[in-house]
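Asks: Could you work out the structure for the sequence below:
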Amino acid sequence: MDDQGDSRAHETTERILDAALPLFASLGFAGASTRRLAAAAGVNISTLAYHFGDKQGLYDAVVDRIYDRLLDLPLPADDALGPTPAARLRALVALLYGQARDNADGIRLLLRHVMEHQASPEAVRGRWTATVMGRVGEILASLPLRPGVDLRLALLSLNHLVARYAVTEPEDLLPFVPPGQDPHQAVAEHLGALACTLLGVPD
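Replies: Numbering: from 1, shown residues only. Here you go, the predicted structure:
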């Protein structure tokens, strides 16, 4: 295949992935038929099969893409985040929350999968867990955490909260934040304060 053919194939792959994500997020794996996925991407079913094999292959590729995007978060230098460990942690949590909000459809898909199957997608357990934990370790490396704190449950709690808030519409948050305050800003500040408490980082 020449360069032009490679470019067209890449564009088609990206278009299929772009169309598949919101369908899987709103309808689930079972509800998003191959025919509907192909129609949303403007391709025929054979093109879908050529690029991804079958619907499971497409679903796994969508999940991989979600994690690629979620983990593509440049980390500023410590001194750019704030003067104290607590300020740095709050800033990091705000960045992570913003990243999750920017990828809300992907978060919805992962939450839907867990609700329907009582587990994360197999692709996550098989290919992404170590990568995610390595990224978390990189983020936390410079923080003076309280000795003996159980990071596993603390991080799991924060992960669930960030994910749930990321898919909540701003109007649903308004009754719970001070009048006139941006709801997502209020949530980011709340999550930052909670992270400091759970991880034992003093203010």
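Asks: In contact with residue 7, which residues?
Replies: By Cβ atoms under 8 Å, 6 or more residues apart in numbering, no residues touch residue 7. Using the backbone N, CA and C atoms, a C-beta is placed for each residue, glycine as well.
Asks: name the element it belongs to?
Replies: Per DSSP states H and E, residue 7 falls inside helix 3-31.
Asks: Residue 124 is in contact with residue 114, correct?
Replies: No - between residue 114 and residue 124 there is no contact under Cβ atoms under 8 Å: 9.7 Å.
Asks: Those two - which one has more neighbours?
Replies: residue 124 (20 against 15; other Cβ atoms under 10 Å).
Asks: Tell me if I'm right that that one and residue 62 touch.
Replies: No - using Cβ under 8 Å, residue 124 is not in contact with residue 62, being 11.8 Å away.
Asks: Quick one: low-confidence residue ranges for the protein.
Replies: Scanning the chain for pLDDT under 70 picks out 1-5, 78, 123, 125-128, 142, 149.
Asks: domain ranges for it?
Replies: 3-63, 73-199 (automatic domain parsing).
Asks: Quick one: end-to-end distance for the last one.
Replies: The reference is to domain 73-199. 21 Å (Cα to Cα, to the nearest Å).
Asks: Now the terminal residues of stretch 34-47, how far apart.
Replies: First residue to last in stretch 34-47 (Cα to Cα) measures 11 Å.
Asks: no no, stretch 172-190
Replies: OK, stretch 172-190 end separation, Cα to Cα: 16 Å.
Asks: likewise stretch 174-186?
Replies: 10 Å.
Asks: So what touches that stretch?
Replies: 97, 101, 170, 173, 187.
Asks: Off-centre distance for stretch 112-120?
Replies: Centre-to-centre, stretch 112-120 and its host chain are 15 Å apart (Cα atoms, centre = their mean, to the nearest Å).
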